[in-house]
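**Q** Provide a 3D model corresponding to the input given below.
(one chain, ligands or ions: 1)
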Amino acid sequence: MPQENEFPVMKNDRLLKAAWGQEVDVVPVWAMRQAGRYLPEFREERAKCDFFTMCQTPALSCKVTLQPLDRFPLDAAIIFSDILVIPQALGMVVEMRAGEGPVFPAPLREPEDLAKLGSPADVCSKLQYVFDALTLTRKELKGRAPLIGFSGAPWTIMAYMIEGKGSKTMSLAKGWLYKYPEASHKLLKIITDATVNYLVGQVKAGAQCLQVFESHAEHLGPELFRKFSLPYLEQICNEVKERVAKAGLKDIPMIVFPKGGHFALKDLAALKYEVIGIDWTVDPALAREIVGPNKTLQGNLDPCALYADKKFIDNAVKEMIEKFGRNRYIANLGHGMYPDMDPEHLAAFVNAVHKYSKKGN
Ligand SMILES: Cc1c2[nH]c(c1CCC(=O)O)Cc1[nH]c(c(CCC(=O)O)c1C)Cc1[nH]c(c(CCC(=O)O)c1C)Cc1[nH]c(c(CCC(=O)O)c1C)C2
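**A** Below is the predicted model:
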């Protein structure tokens, strides 16, 4: 485990300050999927190498994590990896297929299939490559910005394990929630335990902030969310914070991002996550009213606004900052970047956040 003093001194920690609710000079900004196929230098690396091999090679993961920071004055790096490394570490095969995305050749079909999964206690030994990538990247960042680690939330991971790929309806996975509630809770508990171990390992390796992606919250609605998502999100936050403290490490801010989960904001505000991410369908003023003054909000420009011209983007950012205000706020898109976006339009987004959020502006 690297010691804190092995890492470079932070030159820019405004993202961490905003997460804790401290004053910042300008609003911090980053973009979900900022390391990815919209960058030609990423596509060049990707053409040489399979997706998961890139994730499993710390020097490559580090290289592509830093690519967007070399181009834009971003206030955070997010480690290049994927949420689906957890099902892999539990023994499932996941392939990344061109034009199709992630595919599980043998998804979970019946409750009996749970017996095939490995133990949550073993995931850290299987995911050492992520920890090595984090430690290397934290050093190579040289304090330019904090390093974010991440995981999928249990429901989102369960959905992929059962569907075997992306799905418009999530009907197979939701079928489990209705047909096999007990087995669903058993699976969610396995994923939760694995995720806690994994996230604590990420902090030990040098992650300075953690984001938990509940990318498929929208499929649940308030009732299923309360039963099958919220308790596990709570357990992850509480246990990670307890175990980080027990290891003698500094508390780290945690972000929860319930994509499509506008109905979940009040429940999530009662948990210990410092930051709640919102997508573009949520009105910032309403989100603030619901979560109260003691949470940081993150979001929420429609990613597709980056297809507009730079003048439009500049103005959209100005309006976004007016709505969120400068305090307890981290600027981001409402979901990830798409591969056909123009990198210069991300530059316009990032620059506008800093321009319009300067004090006295
Ligand atoms: C945070 C992150 C993720 N994936 C990747 C990162 C890298 C870091 C970054 O954000 O820059 C690389 C990352 N992950 C992937 C890619 C493209 C693959 C390639 O290069 O071929 C990249 C750059 C592949 C991937 N991986 C996944 C999908 C979606 C599948 C679907 O539901 O249809 C896809 C297409 C699963 C996945 N992966 C992730 C999420 C949560 C965020 C979100 O909601 O988008 C999800 C749902 C998280």
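**Q** what sits against residue 297?
**A** Residues in contact with residue 297 (CB atoms under 8 Å, 6 or more residues apart in numbering) are 275-278, 284, 287-288, 291, 324, 328-330. From N, CA and C alone the C-beta is placed, and that goes for glycine too.
**Q** cutoff 10 Å now
**A** Residue 297 is in contact with 18, 265, 275-278, 282, 284, 287-288, 291, 324-325, 328-332, counting by CB atoms under 10 Å, 6 or more residues apart in numbering.
**Q** Mind giving me the ChimeraX select for those residues, buried ones only?
**A** A single ChimeraX command selects the buried members of the contacts of residue 297 (16 or more other CB atoms under 10 Å):
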select :18,265,275,276,277,278,282,284,287,288,291,324,328,329,330,331,332
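**Q** Let me know the helix or strand that the closest residue to the ligand within the chain is in.
**A** Nearest residue of the chain to the ligand: residue 166, at 2.3 Å (CB to the nearest ligand atom). Secondary structure assignment for residue 166, by DSSP states H and E: no helix or strand.
**Q** For the nearest residue to it once chain neighbours are set aside, name its beta-bridge partners.
**A** The shortest distance from residue 166 to any non-neighbouring residue, by CB to CB, 6 or more residues apart in numbering, is to residue 101 (5.6 Å). Beta bridges link residue 101 to residue 97 when assigned by DSSP bridges.
**Q** what sits against residue 101?
**A** 51, 84, 95, 160, 165-166.
**Q** Residue 293: neighbouring residues, count only.
**A** By other CB atoms under 10 Å, 8 other residues sit near residue 293.
**Q** That one contacts residue 329, doesn't it?
**A** No: contact status for residue 293 versus residue 329: not in contact, 11.8 Å apart, counting by CB atoms under 10 Å.
**Q** hang on, the earlier thing: will you turn the contacts of residue 101 into a markdown table that also has pLDDT and neighbour count?
**A** Converted to a markdown table, those look like this (pLDDT from 0 to 100; neighbours: other CB atoms under 10 Å):
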| residue | pLDDT | neighbour count |
| --- | --- | --- |
| 51 | 97 | 17 |
| 84 | 98 | 22 |
| 95 | 97 | 14 |
| 160 | 98 | 28 |
| 165 | 97 | 14 |
| 166 | 95 | 14 |
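**Q** Among the residues you listed, find me the one that's closest to residue 178.
**A** Nearest to residue 178 among the contacts of residue 101: residue 160, at 18.5 Å, using CB to CB.
**Q** For the stretch 251-361 of the chain, which segments are assigned as strands?
**A** 254-258, 275-277, 296-301, 329-333 (DSSP state E, counting those that start in this stretch).
**Q** Test my guess that the residue of the chain closest to the ligand contacts residue 160.
**A** Yes: between residue 166 and residue 160 there is a contact under CB under 10 Å: 7.9 Å.
**Q** Now do the shared contacts for these two.
**A** Overlap of the contact sets of residue 166 and residue 160 (by CB under 10 Å, 6+ apart) consists of 101-103, 215-216.
**Q** The residues you listed: which ones sit near the ligand?
**A** Restricting the shared contacts of residue 166 and residue 160 to those within reach of the ligand (CB under 6 Å from any ligand atom) leaves 101-102, 215.
**Q** what does the chain have sitting close to the ligand?
**A** Residues of the chain lying close to the ligand by CB under 6 Å from any ligand atom are 32-37, 46, 51, 78, 80, 82-84, 96, 101-102, 150, 166, 213, 215, 259, 336.
**Q** So which of those are in strands?
**A** When DSSP state E is applied, the residues of the chain next to the ligand are split such that 78, 96, 101-102, 150, 213 fall in strands.
**Q** in this structure, which ranges drop under the pLDDT threshold?
**A** Counting by pLDDT under 70, the chain has low-confidence residues at 361.
**Q** Quick one: the ones in strands among the residues of the chain next to the ligand as CSV, columns for distance to residue 23 too.
**A** Formatted as CSV, those follow (distance: CB to CB, whole Å):
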residue, distance to residue 23
78, 24
96, 42
101, 41
102, 41
150, 26
213, 28
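**Q** Please list only the buried members of the residues you listed.
**A** Among those, those scoring as buried are 78, 96, 102, 150, 213 (criterion: 16+ other CB under 10 Å).
**Q** hmm, back to that, mind listing what the residue of the chain closest to the ligand touches?
**A** Listed by CB under 10 Å, 6+ apart, the contact set of residue 166 reads 100-103, 159-160, 215-216.
**Q** With residue 102 as the reference, measure out to it.
**A** 7 Å (CB to CB, to the nearest Å).
**Q** Overlap of the contact sets of the two?
**A** residue 160.
**Q** ok, longest helix in the chain?
**A** Scanning the chain for the helix with the most residues, using DSSP state H, yields helix 181-205.
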